[in-house]
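Q: What would the 3D arrangement of this be:
(one chain, ligands or ions: 1)
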Amino acid sequence: MIKTQIIDGKALALAIRQKLKEDIRKLGAQTKPGLATVLVGDDPASAVYVRNKIAACKETGIETIDHKLGAATGENELLDLLQRLGGDRRVHGILVQMPLPPQMRASKILEAMPEEKDADGFGVKNWGRLYQAKSLTELENCFIPCTPLGILKMLEAYRVNPEGKMACVIGRSNIVGKPMAHLLTLHNATVTVCHSKTKKLAEITRRADILIAAIGRPRFVTKEMVKEGACVIDVGINRMNDERLVGDCDFEGLSQRSGLITPVPGGVGPMTIAMLLANTIKAWKRTLNSRSTSDTRIEK
Ligand code: NAD
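A: Alright, predicted model coming up:
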């Protein structure tokens, strides 16, 4: 039986947040990084996510400007807000919490997202840049969506190099599966994307050295579906009737088969929040750099 290593996303996220806090302190700039959060409606899960993100910002030294809009808010009102936030110098990152109420088209909101403040990385302009990127260097020019970015950081921290490996992503959503597959390809893995219509799923997943599960079904991935020694990243967050959170993978079963595995909670979730902070600070640093560049030009 294999001894599985547990990937401690909570500890890694904490270390990253400490480093970000230190970065802000060291830079000692006059403007502090700022994240605008936009929560529309009264979905309780969304409210919890936003609250956690705001708390993490505060703890790290990122100021937040929080907007709560009623469930009946019209699309144009949100578009106007985005435009205002785009011009607000205190705001370096913007987070519009999804899902939006039915009268709002997410596609319109993501089209209007100011590219230089797209801390979540889902705006249409940022996506263009993300999918145009042919190398890791080119990725520097865009914001990588937080969950896949957090997963890449975990792989790096636990020395799992995707190059030359067989990777399998279960799930093809815009927020996880799709960008994850693209990013693993850029990291030179050979990637298979599986989804609800995939036939003989276990035959495919069993070939994977790196298996990413982003399905939204509790304990869906069992040990029979996993190659011995594989690195398994469980993105799923499923709330059970007894309020416990479980992932998309059968953690107990996989603990006897995989080489590495992320727990739920304490795996991908904390890393996703840490990456939102990192993207906001990246956006903030860019404004500091562009200001100092223009200052130098004036002096010359
Ligand atoms: P989604 O519902 O948008 O997508 C689910 C995907 O799973 C789809 O592409 C679908 O084709 C696939 N799928 C469904 N049934 C399947 C089956 N039987 N076989 C194979 N594939 C199947 O979900 P999402 O937004 O990508 O989220 C997935 C899970 O990850 C959810 O539990 C969500 O809560 C969680 N999540 C966690 C984080 C985090 O930070 N930890 C971030 C985002 C999402």
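Q: where do the strands sit along the stretch 1-150 of the chain?
A: Along the stretch 1-150 of the chain, counting by DSSP state E, counting those that start in this stretch, strands occupy 5-6, 34-40, 63-69, 93-96.
Q: What is the three-state secondary structure of the nearest residue to residue 259 once chain neighbours are set aside?
A: Take residue 259 and drop its neighbours on the chain: the residue closest to it by CB to CB, 6 or more residues apart in numbering is residue 229, 4.1 Å away. Where C-beta positions appear, they are placed from N, C-alpha and C, glycine not excepted. Classification of residue 229 using DSSP: H, G, I helix; E, B strand; the rest coil returns coil.
Q: For residue 229, which residues are in contact?
A: Going by CB atoms under 8 Å, 6 or more residues apart in numbering, residue 229 touches 2, 209, 258, 259.
Q: before we move on, what about residue 54?
A: Neighbours of residue 54 in contact, by CB under 8 Å, 6+ apart: 37, 64, 66.
Q: Briefly note if stretch 203-221 comes near the ligand.
A: Yes: for stretch 203-221, a contact with the ligand is found by CB under 6 Å from any ligand atom, at 214, 215, 216, 217.
Q: With neighbour count added, can I get the residues you listed in a markdown table?
A: Shown next, in a markdown table, are these (neighbours: other CB atoms under 10 Å):
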| residue | neighbour count |
| --- | --- |
| 214 | 23 |
| 215 | 23 |
| 216 | 14 |
| 217 | 14 |
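Q: which among the contacts of residue 54 end up buried?
A: In the contacts of residue 54, burial by neighbour count holds for 37, 64, counting by 16 or more other CB atoms under 10 Å.
Q: re earlier: looking at the contacts of residue 229, which is nearest the ligand?
A: Nearest to the ligand among the contacts of residue 229 is residue 258, at 17.8 Å by CB to the nearest ligand atom.
Q: Residue numbers of the stretch 51-200 of the chain in contact with the ligand?
A: Counting by CB under 6 Å from any ligand atom, the stretch 51-200 of the chain sits next to the ligand at 147, 170, 171, 172, 173, 175, 176, 177, 194, 195, 196, 198.
Q: ok, so of the residues you listed, who is nearest residue 71?
A: Of all those, residue 71 sits closest to residue 175, with 21.6 Å by CB to CB.
Q: Pull up the gap between the closest one and residue 87, please.
A: 27 Å (CB to CB, to the nearest Å).
Q: Just want to know which of these two has more residues nearby.
A: When residue 175 and residue 87 are compared for neighbours, residue 175 comes out ahead with 19 against 8, by other CB atoms under 10 Å.
Q: Contact partners for that one?
A: Applying CB under 8 Å, 6+ apart, the residues near residue 175 are 98, 122, 145, 147.
Q: Now tabulate these in JSON lines and tack on pLDDT and neighbour count.
A: What follows is the contacts of residue 175, written out as JSON lines (pLDDT from 0 to 100; neighbours: other CB atoms under 10 Å):
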{"residue": "98", "pLDDT": "95", "neighbour count": "16"}
{"residue": "122", "pLDDT": "98", "neighbour count": "22"}
{"residue": "145", "pLDDT": "98", "neighbour count": "28"}
{"residue": "147", "pLDDT": "98", "neighbour count": "26"}
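Q: and the residues you listed as a markdown table, adding distance to residue 277?
A: Converted to a markdown table, the contacts of residue 175 look like this (distance: CB to CB, whole Å):
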| residue | distance to residue 277 |
| --- | --- |
| 98 | 18 |
| 122 | 17 |
| 145 | 14 |
| 147 | 14 |
